[in-house]
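**Student:** pasting a predicted model and its sequence here:
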Amino acid sequence: MSTATTPHHLSPAFPGRAPWGTAGKLRAWQQAAMERYVEQEPRDFLAVATPGAGKTTFALTLASYLLHNHAVQQITVVAPTEHLKKQWAEAAARIGIRLDPGYSSGPLSRDYQGIVITYAGVGVNPMLHRNRVEQRKTLVILDEIHHAGDSKSWGEACAEAFEPATRRLALTGTPFRSDTNPIPFVSYAPGDDGIRKSVADYTYGYGNALADHVVRPVIFLSYSGNMRWRTKAGDEVAARLGEPMTKDAVAQAWRTALAPQGEWMPNVLRAADKRLTEVRKGIPDAGGLVIATDQNVARAYAKMIREISGEKATVVLSDEAEASQRISDFSEGSQRWMVAVRMVSEGVDVPRLAVGVYATSISTPLFFAQAVGRFVRARKRGETASVFLPSVPTLLTFANEMELQRDHVLDKKKRGEEGLYDQEDALLAEAEKTKDEADGGMDELPWEALESDAVFDRVLYDGHEFGMQAHAGSEEEEEYLGIPGLLEPDQVQILLQKRQTRQIQRSKARPAEEADLIELPAEKRPVVTHKQLQELRKELNGLVGAWHHRTNQPHGTIHNELRRVCGGPLTAQATAGQLQARIKKIQEWATKVS
């Protein structure tokens, strides 16, 4: 780093440059971002860096530089949660910047050079903070800036409070939102399609960080299974998780899987605990995190973990002081599991988290990226992260697109084009609407989960899929759970390919009477990968969609008629041969009509 950008007050131990983490200098991207900032001297600067890359280090280094050069006189950090206020203050103290995380009002003690507050706190009294930044030259650091758009009142409060600030540094690991609320102090520019998107001043994405060994590669383990539930009308519905169905049916099957009274969650938690045991062979203090939807199921999951592992899990139910201390204690200890509701998925800095269970029904790309971000922070080279998922198409898409860089789309797309930016979850919608907005009676439909089981479905890694379905607890599942926790990214892929080849060979050689799950006798069983099956399902569903537009018949009716004529189970359970037969049949229908 040039002398012009050398951070002052930095202790030799301040987080490091080494691509995987312990040297006493800035990482390459942090240095490059600093140099760009110093060259431009902008009033507003948006830095987008993947979770775990070191946004806090970059921001505090910049703050130290600006204080030393008298460009600013004080610092205001705005964080999403109470827990993160404490983390910011502690990180700043390590480099000699004193921030008060308990500030509420009035003059600031001379012992401090600034404050840490939450977006909610700004919303309560924006004029208090406006007066502070008007009185002295202030650098405002807006951590996870997309939260300034969580509600209309928060965005307006931030704009009002910090409009007079001398400098504003916006940080985020997820620069996109699932809605079109504008984010204060973020620039937008139209793309080739005319739709305005956020423009970052410096971007360091997951793909770049993975190549630099700054973050861990993520292995996603997906689980399917049969679900049965009762609707509010008293009807019993059965479906297989992951099969093509309506959006409402997907949501109900998903919620049934997550219900504590079924077998899906115990089986997945048992598999995750086995995976954690394997990871701890290479990373002795590795921890696991279950992200739950609400407090009741969080307690139920913790009870399951106690029964499975023989060790009590740390349960974090809110963002209050006690919860913050529990997170800190877990971070510094070696306990196996923490169970938390969705609100702590973002910004919880527990570097030893290496295994996760995505046990929430939130299905937005923003939340998914934040949740997975809890597991990718690398401490040394070779560490891997493992995240267990339900086989829900939306989540599998997100997992396969981990390395995609997304921006915040400001203009709403036309109906039928929303795709990844759909707002599908009422829980997140509640946090994003105006505070005085009426509910409008949009309560979730009452339902009762009756039965569920878990089936190992596939592994997703680096945009590729590996494995075939296997019973929970089977030898085939154990092969994937037993992948070492310390591996180079290319070694992970090689091992997954070997395990898939071995699984296919075993399946092919197995006698008909021993056929597992939905397999045909060996001589009739086509050897195909999940990728090939996925393409066949996609082709069939595309043809069914075209037939629907031509005949006006519901998709389900068309699928049922194809099953009646060709035989075989539901599409998600059908073999390659059965799918090909249905594709051929619907093509015959189209030819006859033409």
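**Tutor:** Arrived safely. Numbers count the residues shown, from 1 in each chain.
**Student:** which residues of the stretch 1-150 of the chain fall in helices?
**Tutor:** With helices called from DSSP state H, counting those that start in this stretch, the stretch 1-150 of the chain shows them at 28-40, 55-68, 82-93, 119-124, 126-135.
**Student:** got the ones you listed as CSV, with mean neighbour count, mean pLDDT and distance to Gln503 columns?
**Tutor:** The C-beta positions use only the backbone N, C-alpha and C, and glycine is treated the same way. Output for those, formatted as CSV (neighbours: other C-beta atoms under 10 Å; pLDDT from 0 to 100; distance: least, C-beta to C-beta, whole Å):
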stretch, mean neighbour count, mean pLDDT, distance to Gln503
helix 28-40, 18, 94, 39
helix 55-68, 23, 94, 40
helix 82-93, 21, 89, 42
helix 119-124, 20, 91, 48
helix 126-135, 17, 95, 58
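**Student:** of those helices, which approaches Pro284 most closely?
**Tutor:** The closest of those to Pro284 is helix 82-93. By C-beta to C-beta, the value is 24.0 Å.
**Student:** ok so, going back, okay, the helices of the stretch 1-150 of the chain in TSV with distance to Gln113 next?
**Tutor:** Supplementary listing: the helices of the stretch 1-150 of the chain in TSV, determined by distance: least, C-beta to C-beta, whole Å:
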stretch	distance to Gln113
helix 28-40	19
helix 55-68	7
helix 82-93	8
helix 119-124	19
helix 126-135	13
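**Student:** Thr397 is nearest to which of those?
**Tutor:** helix 55-68 (25.9 Å).
**Student:** what about that closest one, distance to the chain center?
**Tutor:** 27 Å (C-alpha atoms, centre = their mean, to the nearest Å).
**Student:** could you export that helix as CSV, CA atoms only?
**Tutor:** In CSV, the C-alpha atoms belonging to helix 55-68 read as follows (Å, rounded to 0.1, in the frame of the first residue of the first chain):
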residue,chain,number,x,y,z
LYS,A,55,-15.8,-5.3,4.6
THR,A,56,-15.4,-4.1,8.2
THR,A,57,-11.6,-4.1,7.9
PHE,A,58,-11.8,-2.0,4.7
ALA,A,59,-14.3,0.4,6.3
LEU,A,60,-12.3,1.0,9.5
THR,A,61,-9.0,1.3,7.6
LEU,A,62,-10.6,4.0,5.5
ALA,A,63,-12.1,5.7,8.6
SER,A,64,-8.6,5.7,10.2
TYR,A,65,-7.1,7.3,7.1
LEU,A,66,-9.8,10.0,6.9
LEU,A,67,-9.5,10.8,10.6
HIS,A,68,-5.7,11.0,10.4
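**Student:** for that helix, name the packing helices and strands.
**Tutor:** helix 28-40, strand 44-49, strand 74-79, helix 82-93, strand 138-142, strand 167-172 (3 or more C-beta pairs under 8 Å, 6 or more residues apart in numbering; DSSP states H and E).
**Student:** using a markdown table, lay out the ones you listed together with distance to Asp490.
**Tutor:** Putting these into a markdown table (distance: least, C-beta to C-beta, whole Å) gives the following:
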| stretch | distance to Asp490 |
| --- | --- |
| helix 28-40 | 21 |
| strand 44-49 | 24 |
| strand 74-79 | 37 |
| helix 82-93 | 33 |
| strand 138-142 | 37 |
| strand 167-172 | 30 |
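**Student:** look at Asp349 and tell me its secondary structure.
**Tutor:** coil (DSSP: H, G, I helix; E, B strand; the rest coil).
**Student:** I'd guessed it sits against Glu90; true?
**Tutor:** No. In this structure, Asp349 is not within contact of Glu90 by C-beta atoms under 8 Å, at 9.8 Å.
**Student:** burial count for the residue lying closest to Ala454 once chain neighbours are set aside?
**Tutor:** Of all residues not flanking Ala454 in the chain, Asn267 sits nearest, at 3.6 Å (C-beta to C-beta, 6 or more residues apart in numbering). As a burial measure, Asn267 scores 22 neighbours (other C-beta atoms under 10 Å).
**Student:** low-confidence ranges in the stretch 51-200 of the chain?
**Tutor:** 149-152, 175-182, 193 (pLDDT under 70).
**Student:** at 90 instead, please
**Tutor:** 51-54, 80-84, 86-87, 104-107, 109-110, 120, 144-156, 172-200 (pLDDT under 90).
**Student:** where along the stretch 251-400 of the chain do the helices fall?
**Tutor:** Ranges of helices within the stretch 251-400 of the chain are 264-279, 295-309, 321-332, 365-372, 393-400, based on DSSP H, counting those that start in this stretch.
**Student:** tell me which of these sits nearest to Glu479.
**Tutor:** helix 264-279 (11.3 Å).
**Student:** now do that closest one: which elements does it pack against?
**Tutor:** With 3+ C-beta pairs under 8 Å, 6+ apart as the test, helix 264-279 has strand 218-230, helix 247-258, strand 287-292, helix 295-309, strand 353-359, strand 385-390, helix 475-481 packed against it.
**Student:** for stretch 449-468, give the mean pLDDT please.
**Tutor:** Mean per-residue pLDDT for stretch 449-468: 87.
**Student:** what about that stretch, start to end distance?
**Tutor:** Using C-alpha to C-alpha, to the nearest Å, one end of stretch 449-468 lies 27 Å from the other.
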